[in-house]
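Asker: here is my input, please return the structure:
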Amino acid sequence: HSSHTRVNVIFVARIDRKGTSLGECQAASIFLHFFLLSALCWMLFEALLLHQAFVAVFPSATDPHALALRCAAVGWGAPLFVVIIAVAAALPDYISDSYCWINSTRPLIWAFLGPASAVLATNLAIWVRTVAKIGQFKGS
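Answerer: Next up, the predicted model:
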């Protein structure tokens, strides 16, 4: 996925704070925050689509084009919304002593951990339900 590629490039190029200006480091942190949350959102959509394919009793009547547009709007828009609020609230916390990442000793870290935890918990619940449903089909 493109988010994963961007995260990896930014991570490798700018994670170490040595020789990086404050502005460059904060920009790298902000982009990492956005692209990691975007990747998690897309992972959630993949789980929902797999759930729909394996568990949903009735096929979706949603137009695939409209679904793709909604997924894109939420997959890129929700992380952008979170990051914009986080930047407005605590830009100085987008840097730590050694790394170009959110300062983990400050409350801003929850602007990443909160959404990430919610997505991972939802994905786990979807996975459990999907595996249970597939097990029911195999047992029948």
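Asker: the longest helix anywhere in the chain - contacts with which helices or strands?
Answerer: When the chain is parsed with DSSP state H, its longest helix is helix 22-54. Helix 22-54 makes packing contacts with helix 2-14, helix 64-90, helix 110-139 when contacts are defined by 3 or more CB pairs under 8 Å, 6 or more residues apart in numbering; DSSP states H and E. To be clear about C-beta, it is placed using only N, CA and C from the backbone, and glycine gets the same treatment.
Asker: dump those helices into JSON lines; add mean neighbour count as well.
Answerer: Formatted as JSON lines, the helices and strands packed on helix 22-54 follow (neighbours: other CB atoms under 10 Å):
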{"stretch": "helix 2-14", "mean neighbour count": "15"}
{"stretch": "helix 64-90", "mean neighbour count": "14"}
{"stretch": "helix 110-139", "mean neighbour count": "13"}
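Asker: TSV for these, including mean pLDDT and distance to C100?
Answerer: TSV is the format used below for those (pLDDT from 0 to 100; distance: least, CB to CB, whole Å):
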stretch	mean pLDDT	distance to C100
helix 2-14	65	5
helix 64-90	91	14
helix 110-139	89	14
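Asker: which among those helices is found nearest to S98?
Answerer: helix 2-14 (12.7 Å; CB to CB).
Asker: quick check: T20 is in a helix.
Answerer: No. Assessed by DSSP: H, G, I helix; E, B strand; the rest coil, T20 does not belong to a helix; its assignment is coil.
Asker: any chance of the helices and strands packed on helix 22-54 in CSV, with distance to A53 too?
Answerer: Shown next, in CSV, are the helices and strands packed on helix 22-54 (distance: least, CB to CB, whole Å):
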stretch, distance to A53
helix 2-14, 22
helix 64-90, 13
helix 110-139, 9
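Asker: do you know which of those lies nearest L22?
Answerer: It's helix 2-14; of the helices and strands packed on helix 22-54, that one is closest to L22 (CB to CB) at 12.3 Å.
Asker: that older thread, for the longest helix of the chain, buried residues please.
Answerer: 25-45, 47, 51-52 (16 or more other CB atoms under 10 Å).
Asker: next, work out how far apart P115 and H33 are.
Answerer: Note on P115: its distance to H33, by CB to CB, to the nearest Å, is 10 Å.
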